[in-house]
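Chemist: Sequence and predicted structure, then a few things I'm wondering about:
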Amino acid sequence: MLEMKGMTEEASSYVDQVFYTFDMDGDGYIDFVEYIAAISLLLKGEINQKLKWYFKLFDQDGNGKIDKEELETIFKAIQDITRSYDIPPEEIVTLIYEKIDVNGEGELTLEEFISGARNHPDIMDMLSKMMDLTNVLEIIIRGQPQKSLK
């Protein structure tokens with residue numbers, strides 16, 4: 001759908017996932033209203049709104065839970081896009097699950113994810129830094145075909 005030359009499969013899949021979460025009407029385009037809503041959420045959204053959006057983005061199979069593989073795939077993709085490889089994704093995922101997977105099931109529900117992130121400022125800070133979508137939004141906007149005006 002989007003031209004993503006030189007990106008890994010994970011990075012390309014991640015950009016697609018971001019696109020789909022912002023394409024609210026599912027028409028294959030991010031129109032002006034959807035773009036403004038995305039920017040508003042990212043820049044001015046409340047913490048719970050952002051965490052719900054992160055959860056939706058991380059829950060790639062849509063089953064209402066985030067497993068370790070889904071989270072690791074997202075973090076690998078983010079690192080491929082940002083070219084920032086400071087902490088291996090496996091370590092990030094291990095840290096998150098050690099602190100917020102209260103049931104020890106290897107999956108996070110929306111409630112666990114939100115309360116865990118809110119109760120651990122270090123995790124919230126890490127998520128906020130990693131979820132800076134400036135690069136991704138630029139890729140999406142550049143890669144969209146121009147919609148003709150009628």
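Modeler: Noted; the coordinates are in hand.

Chemist: When you work out contacts or count neighbours from here on, use the C-alpha atoms and nothing else.
Modeler: Will do.

Chemist: wait, is Asp86 part of a strand?
Modeler: No: judged by DSSP: H, G, I helix; E, B strand; the rest coil, Asp86 forms no part of a strand; its state is coil.

Chemist: Run a quick neighbour tally on Leu57.
Modeler: Residues near Leu57, counting by other CA atoms under 10 Å, number 21.

Chemist: Please apply the same query to Pro89.
Modeler: Other residues close to Pro89 by other CA under 10 Å number 19.

Chemist: I figured it hits Lys76, correct?
Modeler: Yes: in terms of CA atoms under 8 Å, Pro89 counts as a neighbour of Lys76; the distance is 5.9 Å.

Chemist: Mind jotting down where the strands sit in this protein?
Modeler: Remark: strands assigned in the chain by DSSP state E are 65-67, 107-109.

Chemist: Serialize those to JSON lines and add fields for mean neighbour count and mean pLDDT.
Modeler: Shown next, in JSON lines, are the strands of the chain (neighbours: other CA atoms under 10 Å; pLDDT from 0 to 100):
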{"stretch": "strand 65-67", "mean neighbour count": "21", "mean pLDDT": "94"}
{"stretch": "strand 107-109", "mean neighbour count": "20", "mean pLDDT": "93"}
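
Chemist: so who does Ala11 touch?
Modeler: Ile74, Lys76, Ala77, Ile78, Asp80, Ile81 (CA atoms under 8 Å, 6 or more residues apart in numbering).

Chemist: again, only this time at 10 Å
Modeler: Listed by CA atoms under 10 Å, 6 or more residues apart in numbering, the contact set of Ala11 reads 4, 17, 73-82, 136.

Chemist: Out of the residues you listed, the closest to Lys56 would be?
Modeler: Checking the contacts of Ala11 against Lys56 by CA to CA gives Gln17 as the nearest, at 9.3 Å.

Chemist: returning to what we had before: need the strands of the chain in CSV with distance to Ile30, can you?
Modeler: Shown next, in CSV, are the strands of the chain (distance: least, CA to CA, whole Å):
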stretch, distance to Ile30
strand 65-67, 26
strand 107-109, 28
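
Chemist: For Tyr29, which of these is the nearest?
Modeler: strand 65-67 (26.7 Å).

Chemist: Give me the contact list for that closest one.
Modeler: By CA under 10 Å, 6+ apart, the list of residues contacting strand 65-67 reads 55-61, 93, 97, 105-113.

Chemist: Burial check on Tyr97, number of neighbours?
Modeler: Tyr97: 20 surrounding residues under other CA under 10 Å.

Chemist: Thank you kindly, that will do.
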